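Enquirer: okay, here's the prediction I keep looking at, along with the sequence it came from:
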Amino acid sequence: MKYVESLNFALSNLMSTDEKVILVGEDLADPYGGAFKVTKGLSTRFPDRVLNTPISEASIVGMGIGLSLRGFKPIIEIMFGDFLTLTFDQILNHAAKFYAMYGAEIKLPMIVRTPMGGGRGYGPTHSQSIEKYFLGIPYTRVVAPSIFHNPGELLIDSFSFNLPVIFIEHKLLYPLNLVDEDKEIGIENLKDTFNFPVVKVKNFTNKDPDIILITYGGISKHIFELLKILKTEEIWVAVYIPALISPIKFDKLDDLLTSLKICDKLLVIEDASVDFGWSAEVVSRFCNLGIHIERMGALNTIIPASKELEGEVILSTKKIYSKIMEIIA
Amino acid sequence: MRIVEIPLPQLGVNDTSAKIVEWHTDEEKFVNKGEIICTVETTKSIFDVEAPDSGYCYFLVSPGGEVNSGDIISILTDQKVNKEELLNLYRNQKAVEQRIDDDEIRITEKAKLLALRLNIDISKIKPDNYVINEDAVLKYYESLRSGKIKTDFEDTMDDLFPDNRVERIAIIGAGDGAIQIIDCLNKLSTQKAVMLFDDNKSLHGKKVAGVPIIGNVDYEKISGLFIENKFDKLIISVSTSISFREKAFDSLVKLNVPFTNVIHPSTVIGSNVKIGVGNVILANCHIGACAKISNNNFISAYCSIEHHNELYNHCSFGPGVLTSSKVKIKDRVRFGTGIFIEPHITIGEDSVIGSGAIITKDIPPKTMVKTQINYIMRERPSGA
């Protein structure tokens, strides 16, 4: 099953089993079915519950908050993650506040889905991964499924927080097949302390890893290619990919801590521009272990539309490969 | 026959594959460069594919077929031929290209890393099925360590001696000194003994700890073996005859045969120590900071050459000779065992210091120092 199909299937499932689920966003309705076709077919099946809106991101999320407070389960789509900036006030100063301000008596189940990431030549304002500005907000959750997760299941599970959830979908993953088993790569499903999945993928058995990676979301596409290449080079890599990226609840994972005792090299990778990012927060959780830790991400600049120049700014399989070889040399 | 491949181009940023809608030419028909030969459909639009060259056109994909960008959809040839024969020829050609690629020896990145870490010359490792991998490097390393790689002649006939290879050492003298040196080399991964020379003919053809004794101490012959690249460096194991040591060392240096140092790994060497060549330093010795050791000295176990000492050439030490700071030992001095030397002492050349001496003043050249020890020896009382 493809990433986009998993999401579409889950939305359809949610809507048919719970009539409180409402989709709100721009151009969600058929025949267009959303810019990345995630909502395709849903307005035909549930015409009253798929709401096409004007270009008005702040209002869309504001409407979502209202619906949620009145007992609905809104799923918002922001067409491009870059436009999430327009919703920031609604999320930070409103959605994230109600639960604590009203003595934990308010439930606010709301999912804001949005695609992030470059690699398609969409230019500076349609290619960013800006989830880092939404990390660490108290009483919100940020979920970012990889191709090794089941994005649809994660979407359904995201309602269990009863809090606003920002749901990050990487553009490059939509057309890809989900990977839950592979001949060359071992895939293990672990759980963080919130019981959210952390997928461990590795390209070896009965060996000690040469390096441990931690990453999330869109980088999983590179990881899948990379592990196969590195396997032919006998470079043994174990990768931990949490689905819940904020708050960080995987840092006490036994399996990960054991791996870091065997292998003292850790690389944390994120898709976004690297400064002040998620990787810094992850590194801070492991910096007292006395191991060799590095992080990598995109350059701290805009993402050009030209494919060649874009390639220089954002991460690629090749760049991660070189970084790994540099660390283990 | 010239064959031009036509790959499916990358069509837009959204798709990595496309569907062939229709071919605009007949198969085996001649098309001109730039002519539209087929139409393909992506998720967003339809595109035309042009012929990149002129030639007879043969299709590899039927209409309706799904292909990835970069896949070959058609081939053009400069002659009209039977399609089946052409495809066979084309596939064979591909197979040959593939085989040429495959014939190259592939070294995995891990193998390269390991070889670097273990200081192994990877070109010495035999590939298994055209691949040198982690296992091959580890096996080679193990065999080097355990000495299974032959140390006899055949294995030493190299054309080149790269820096990172184990230094092959020839030892002069096959007596007690030699066994001490071989024992020491067995503990080192950077040096190994490959041959011995001794003037005692009855020893020729025999081995000391697996190292063959191959002939007399014939300087010309040794130089010849060096030129033939059968060893890399020399060391002299004879400690009892200083005149022999000196003569052999000087003669072979004149013939441009290089000497090495053999130093037991348990020896502690301080900072800024300068050591020449041809020196043997056995187990548990100590060379203090800033000491200078010239050439061709034989230092037995448990000796301590203290800081700022100057040791000249061709000296021989029994076990347990301990010097204090800033002692100067000139050429060809021979020491017994268990000797203590006070600071700032100079021992002149060609002197002999007997066992048990405590040296408190300078020793002039060509001096014999003998300590008188009065033993009382009597029979043990019976029944004790």
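Expert: Sure, I can see it.
Enquirer: list the contacts of A:Ala272.
Expert: Contacts for A:Ala272 (CB atoms under 8 Å, 6 or more residues apart in numbering or on different chains) come out as A:Gln128, A:Ser129, A:Ile130, A:Glu131, A:Lys132, A:Trp278, A:Gly297, A:Ala298. Yep, even glycine has a C-beta here, placed from its N, CA and C like the rest.
Enquirer: of all the residues you listed, which two lie farthest apart?
Expert: Within those, A:Gln128 and A:Trp278 form the most distant pair, 13.8 Å apart (CB to CB).
Enquirer: between these two, who's got more neighbours?
Expert: A:Trp278 (29 against 25; other CB atoms under 10 Å in any protein chain shown).
Enquirer: pull the contacting residues for the more buried one.
Expert: Contacts of A:Trp278 by CB under 8 Å, 6+ apart are A:Glu131, A:Lys132, A:Leu135, A:Tyr216, A:Ile245, A:Ser246, A:Glu270, A:Ala272.
Enquirer: return the set of buried residues in stretch B:190-209.
Expert: Under the neighbour-count criterion of 16 or more other CB atoms under 10 Å in any protein chain shown, stretch B:190-209 has B:Gln191, B:Lys192, B:Ala193, B:Val194, B:Met195, B:Leu196, B:Phe197, B:Asp198, B:Leu203, B:His204, B:Val208 buried.
Enquirer: repeat that for stretch B:62-78.
Expert: Buried residues in stretch B:62-78, counted by 16+ other CB under 10 Å: B:Val67, B:Ile73, B:Ser74, B:Ile75, B:Leu76, B:Thr77.
Enquirer: ok, stretch B:351-365 next?
Expert: Within stretch B:351-365, the residues that count as buried by 16+ other CB under 10 Å are B:Ser351, B:Val352, B:Ile353, B:Gly354, B:Ser355, B:Ala357, B:Ile359, B:Ile363.
Enquirer: how about the residues of chain B near chain A?
Expert: Residues of chain B lying near chain A by CB under 8 Å from any CB of the partner chain: B:Val13, B:Asn14, B:Thr16, B:Thr108, B:Glu109, B:Lys110, B:Ala111, B:Leu113, B:Leu116, B:Asn133, B:Glu134.
Enquirer: try 6 Å
Expert: By CB under 6 Å from any CB of the partner chain, the residues of chain B that approach chain A are B:Val13, B:Thr108, B:Glu109, B:Lys110, B:Asn133, B:Glu134.
Enquirer: any quick PyMOL command for the buried ones out of the residues you listed?
Expert: This is how PyMOL selects the buried members of the residues of chain B next to chain A, with burial counted by 16+ other CB under 10 Å:
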select buried, chain B and resi 108+109+110+133+134
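Enquirer: show only the entries of the residues of chain B next to chain A found in helices.
Expert: B:Glu109, B:Lys110, B:Glu134 (DSSP state H).
Enquirer: redo those as JSON lines? Include pLDDT.
Expert: Output for those, formatted as JSON lines (pLDDT from 0 to 100):
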{"residue": "B:Glu109", "pLDDT": "91"}
{"residue": "B:Lys110", "pLDDT": "91"}
{"residue": "B:Glu134", "pLDDT": "89"}
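Enquirer: run through who's touching stretch B:51-58.
Expert: Contacts to stretch B:51-58, defined as CB atoms under 6 Å, 6 or more residues apart in numbering or on different chains, come from residues B:4, B:25, B:28, B:30-33, B:35, B:37, B:74-78, B:80, B:83.
Enquirer: hmm, I was thinking of stretch B:294-312
Expert: B:239, B:245, B:249, B:276-293, B:313-331.
Enquirer: show the buried residues in these.
Expert: For those, buried by 16+ other CB under 10 Å: B:239, B:245, B:249, B:276-283, B:285-288, B:290-293, B:313-321, B:323-324, B:326-331.
Enquirer: just the residues you listed: which are in helices?
Expert: Using DSSP H, the members of the buried ones among the contacts of stretch B:294-312 that fall within helices are B:Arg245, B:Phe249.
Enquirer: chain B contacts on chain A?
Expert: Counting by CB under 6 Å from any CB, the residues of chain A near chain B are A:Arg120, A:Gly121, A:Glu233, A:Glu234, A:Ile235.
Enquirer: which one is the third one nearest to, not counting chain neighbours?
Expert: Going back to what we said before, that points to A:Glu233. B:Glu109 (3.7 Å; CB to CB, 6 or more residues apart in numbering or on different chains).
Enquirer: hang on, the one you found packs against A:Trp236?
Expert: No - in this structure B:Glu109 lies outside contact range of A:Trp236 using CB atoms under 6 Å: 11.2 Å.
Enquirer: related to what we said a few turns ago, which of the buried residues of stretch B:62-78 sit farthest apart?
Expert: For these, and using CB to CB, no pair is farther apart than B:Val67 and B:Thr77, which are 20.3 Å apart.
Enquirer: ok, now which ones touch residue 77?
Expert: I went with chain A, as the question did not name one. Residues counted as contacts of A:Glu77 (CB under 6 Å, 6+ apart) are A:Gly25, A:Leu28, A:Arg113.
Enquirer: my bad, the chain I had in mind was chain B
Expert: B:Met1, B:Ile3, B:Gly55, B:Tyr56.
Enquirer: what about 10 Å?
Expert: With contact set as CB atoms under 10 Å, 6 or more residues apart in numbering or on different chains, B:Thr77 has these partners: B:1-4, B:28, B:30, B:55-58, B:86, B:89-90.
Enquirer: what about the helices in the stretch 151-300 of chain A?
Expert: For the stretch 151-300 of chain A, the helices defined by DSSP state H, counting those that start in this stretch occupy A:151-158, A:219-232, A:254-262, A:278-286.
Enquirer: reformat these as a markdown table; add mean pLDDT.
Expert: Formatted as a markdown table, those follow (pLDDT from 0 to 100):
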| stretch | mean pLDDT |
| --- | --- |
| helix A:151-158 | 97 |
| helix A:219-232 | 95 |
| helix A:254-262 | 95 |
| helix A:278-286 | 96 |
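Enquirer: returning to what we had before: now, which of the contacts of A:Glu77 lie within strands?
Expert: In strands, defined here by DSSP state E, the members of those are A:Gly25, A:Arg113.
Enquirer: just the buried ones among the contacts of A:Glu77, please.
Expert: For those, buried by 16+ other CB under 10 Å: A:Gly25, A:Leu28, A:Arg113.
Enquirer: need the contact list for residue 173.
Expert: Chain wasn't specified; assuming chain A. Counting by CB under 10 Å, 6+ apart, A:Leu173 makes contact with A:2-4, A:7, A:115, A:117, A:144-147, A:149, A:151, A:217-218, A:220-221.
Enquirer: can you look at chain B instead?
Expert: B:Gly173 neighbours (CB under 10 Å, 6+ apart): B:181, B:196-200, B:213, B:217, B:235-241, B:244-245, B:248.
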